[in-house]
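Student: Just need the structure, nothing else, for what follows:
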Amino acid sequence: MDLPAAGWRLRGTLLGPDGATGADLYVDGTGRISDEPLPGAEDLVREGWIVPGLVDAHCHVGLGPDGPVTDLEECAEQARTDRDAGTLLIRDCGSPVDTSPLQAREDLPEIIRAGRHVARPKRYISGLATELDDPRLLVDEVRTQAARGDGWVKLVGDWIDRGLGPDDADLAPLWPDEVLAEAIAAAHEAGARVTAHVFGVAALPGLVRAGIDCIEHGTGLTDELIAEMAARGTALVPTLINVETFPGIADKAVRYPRYAGHMRDLHAHAWETVGRAIEAGVPVYAGTDAGGGIRHGRIADEIAELARAGHPDPIGAASWAARSWLGRPAGPVPGAPADLVVYDRDPREDLGVLRAPSVVVIRGRRVSVGA
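Tutor: As a prediction, the model looks like this:
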């Protein structure tokens, strides 16, 4: 729906870092939050629960079940699916497709891109990553990806090493510790943060101690590493709905019994591990890992899994807290783009409410969910 020249008015209960407060919000004709009432503004919402636009902090626009999606309109459809579920800010954690043209689209969520994954040959999903024959090339490649992305670089920290042979193949680190330290420092010098895909434990000490900014998945975290992450402020995006696929991955890895057993064990303890990280004070945010095997639009499912793991503020982990972490306003402050999701009932009382937003407003424009 077009934004009226006189703007919108939204009344209801606003959820945010300080809890629930009565709200009377105005959106001006440019799609931004107004700092004063607007005469003639049309009522868009007269009552409801208003949430700052949801965040999927681990998403892959440009990946599909069969690999890279080269058709930008298909990429846009992925982003629209996320939008209709209330996700209005995406941290794209690696894509082989340049989706930067989508960033100019007013009808799509804001996308913060990380460029391509960086991996070693035969140590990640084929066709997705920039592969480096020599690990010493990582520093220069990180500089390249930092320049291509929007303030994030994505490393593959561990993956199955089939070169160890069928009986011994297991998750193993890709990078020497000293190279990681230099590469992460180079990213920081370039103004970028670094995150890494990590399932097991072996790769984690080198990454955390090198000053990495975030760990994706993190199913192998130990209490010692959790304490160090908490002390450093290192974030965790556990992608628990993706972790649910670990048993299926293990079932297909019949040639690699050690790896299969490891994946099953990581799955069995994942929710407990995330709970310990939360209790220790590690910043934990919601990310679905959509793209590939996880369909887009499942942010509500990930929020529910964070609640299951013991997160005291699972909605905030996918809204106001995640927005602040990514450098965006936590809520509807004057002058900020009006990115809001409205629900008929209080989602804190029933997280299932998050699966059916009644109104989605992106940059001040109401979208027809599913259109």
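Student: The closest residue to Leu108 other than its chain neighbours is in what secondary structure piece?
Tutor: Leaving out its chain neighbours, the residue that sits closest to Leu108 by C-beta to C-beta, 6 or more residues apart in numbering is Ala79, at 4.5 Å. In this view, the C-beta of every residue, glycine as well, is placed from N, C-alpha and C. In this assignment (DSSP states H and E), Ala79 forms part of helix 72-84.
Student: Do I have it right that Leu108 meets Gln78?
Tutor: No: between Leu108 and Gln78 there is no contact under C-beta atoms under 8 Å: 9.6 Å.
Student: so for stretch 195-204, what's the average pLDDT?
Tutor: What stretch 195-204 shows for mean pLDDT is 98.
Student: Do me a favour and get the end-to-end distance for that stretch?
Tutor: 12 Å (C-alpha to C-alpha, to the nearest Å).
Student: The helix ranked longest in the chain: which residues count as buried?
Tutor: Longest helix in the chain, counting residues (DSSP state H): helix 257-280. Within helix 257-280, the residues that qualify as buried are 258-260, 262-263, 266-267, 270-271, 273-278, counting by 16 or more other C-beta atoms under 10 Å.
Student: next one: stretch 172-182
Tutor: Here stretch 172-182 shows 172-175, 179-181 as buried, counting by 16+ other C-beta under 10 Å.
Student: got a list of contacts for it?
Tutor: Contact partners of stretch 172-182, identified using C-beta atoms under 8 Å, 6 or more residues apart in numbering, comprise 119-120, 123, 135-136, 138-139, 155-161, 164, 183, 200, 202-203, 205-207, 209-212.
Student: Are any of the residues you listed buried, and if so which?
Tutor: Applying 16+ other C-beta under 10 Å to those flags 119-120, 123, 135, 138-139, 155-161, 183, 200, 203, 206-207, 210, 212 as buried.
Student: Counting by contacts, list what the helix or strand where His197 lies packs against.
Tutor: Applying DSSP H and E as the criterion places His197 in strand 193-198. When contacts are defined as 3 or more C-beta pairs under 8 Å, 6 or more residues apart in numbering; DSSP states H and E, strand 193-198 packs onto strand 152-156, strand 158-160, helix 177-189, helix 204-209, strand 214-217.
Student: As JSON lines, those with distance to Arg366 would be great.
Tutor: Converted to JSON lines, the helices and strands packed on strand 193-198 look like this (distance: least, C-beta to C-beta, whole Å):
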{"stretch": "strand 152-156", "distance to Arg366": "30"}
{"stretch": "strand 158-160", "distance to Arg366": "43"}
{"stretch": "helix 177-189", "distance to Arg366": "38"}
{"stretch": "helix 204-209", "distance to Arg366": "42"}
{"stretch": "strand 214-217", "distance to Arg366": "33"}
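Student: between these, which one is nearest to Trp8?
Tutor: Among the helices and strands packed on strand 193-198, the nearest to Trp8 by C-beta to C-beta is strand 152-156 (32.3 Å).
Student: Contact partners for the residue positioned nearest the centre of the chain?
Tutor: With distances taken as C-alpha atoms, centre = their mean, the residue of the chain nearest its centroid is Ala57 (1.5 Å). Taking C-beta under 8 Å, 6+ apart, we find Ala57 in contact with 91, 237, 285-287, 318, 322, 325-326.
Student: now Asp170: how far from Trp159?
Tutor: Using C-beta to C-beta, to the nearest Å, Asp170 is found at 10 Å from Trp159.
Student: Can you spell out which helices and strands pack onto the host helix or strand of Val51?
Tutor: Per DSSP H and E: Val51 is located in strand 49-52. Packing partners of strand 49-52 (3+ C-beta pairs under 8 Å, 6+ apart): strand 8-16, strand 19-27, strand 340-343.
Student: Could you export those strands as TSV, including mean neighbour count?
Tutor: Output for the helices and strands packed on strand 49-52, formatted as TSV (neighbours: other C-beta atoms under 10 Å):
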stretch	mean neighbour count
strand 8-16	21
strand 19-27	16
strand 340-343	25
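Student: tell me which residues in the helix or strand containing Leu44 are buried?
Tutor: Assigned by DSSP H and E, Leu44 falls within strand 42-45. For strand 42-45, burial by neighbour count (16+ other C-beta under 10 Å) applies to 44-45.
Student: partners of it, with directions?
Tutor: strand 8-16 (parallel) (DSSP bridges).
Student: The strand it pairs with to strand 19-27, inter-axis angle?
Tutor: Here strand 8-16 points in a direction 160 degrees away from that of strand 19-27 (axes from the mean of the first three to the mean of the last three C-alpha atoms, to 10 degrees).
Student: what's the average pLDDT for strand 8-16?
Tutor: Here the average pLDDT along strand 8-16 is 98.
Student: Alpha carbons of it, as CSV, please.
Tutor: The C-alpha coordinates for strand 8-16 follow below in CSV (Å, rounded to 0.1, in the frame of the first residue of the first chain):
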residue,chain,number,x,y,z
TRP,A,8,0.5,7.1,9.0
ARG,A,9,-0.5,6.9,12.6
LEU,A,10,0.0,3.7,14.6
ARG,A,11,-1.3,3.3,18.1
GLY,A,12,-0.8,0.3,20.4
THR,A,13,1.7,-1.3,22.7
LEU,A,14,5.4,-1.0,21.7
LEU,A,15,7.7,-3.7,22.7
GLY,A,16,11.4,-2.9,23.2
